[in-house]
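Novice: let me see the structure of the following:
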Amino acid sequence: MNVQKLVAWNLRRLRVRRGISQEALAVDAVIDRTYVSRLEREMENPTIAVLERLAIALNVKITDFFSTSVMNEKPPRPLPSGRKPK
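Specialist: All right, here's what the predicted structure looks like:
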């Protein structure tokens, strides 16, 4: 498996497991929501600095983005769409 696919898989898995929307993660990591989406769809390669901000926002270690032990899991189910009321 290539590293870009591995990072994308783990980013989405970690985000969905915590019940965080792409938008909320982007705000917490100080990056654009569309960039989070592009990372999860393997359309972008994150820098170490971005991975560090995402890890802090998700409260995980940066090495969790490179974990291969979860690749046998089913893909995470999408979170419900729509914005949450403020």
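Novice: got any ranges where this protein has weak pLDDT?
Specialist: Scanning the chain with the threshold set as pLDDT under 70 gives 1, 70-86.
Novice: same thing but at 80, please
Specialist: For the chain, the stretches flagged by pLDDT under 80 are 1, 69-86.
Novice: point to the residue nearest the middle of the chain.
Specialist: With distances taken as CA atoms, centre = their mean, the residue of the chain nearest its centroid is residue 11 (2.7 Å).
Novice: quick one: contacts for it?
Specialist: 36, 39-40, 54, 65 (CB atoms under 8 Å, 6 or more residues apart in numbering). C-betas here are computed from N, CA, C, even on glycine.
Novice: helix/strand/coil for it?
Specialist: Classification of residue 11 using DSSP: H, G, I helix; E, B strand; the rest coil returns helix.
Novice: so it versus residue 22, what's the distance?
Specialist: 10 Å (CB to CB, to the nearest Å).
Novice: need the residues touching each of these two.
Specialist: 36, 40.
Novice: find the residue closest to residue 58 in space, skipping its chain neighbours.
Specialist: residue 14 (5.1 Å; CB to CB, 6 or more residues apart in numbering).
Novice: try residue 51
Specialist: residue 62 (5.4 Å).
Novice: can you pull the phi/psi pair for the one you found?
Specialist: Backbone torsions for residue 62, taken as degrees, to the nearest 10, come to phi -60, psi -30.
Novice: my guess is it meets residue 53, correct?
Specialist: No. If you go by CB atoms under 8 Å, residue 62 and residue 53 don't touch, sitting 9.9 Å apart.
Novice: tell me which of these two has more neighbours.
Specialist: Using other CB atoms under 10 Å, the more surrounded residue of residue 62 and residue 53 is residue 53, with 19 against 13.
Novice: so what's that one up against?
Specialist: Residue 53 neighbours (CB under 8 Å, 6+ apart): 29-31.
Novice: can I get those residues in CSV with neighbour count and distance to residue 48?
Specialist: Shown next, in CSV, are these (neighbours: other CB atoms under 10 Å; distance: CB to CB, whole Å):
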residue, neighbour count, distance to residue 48
29, 19, 13
30, 10, 15
31, 18, 14
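Novice: this completes my enquiry, with thanks.
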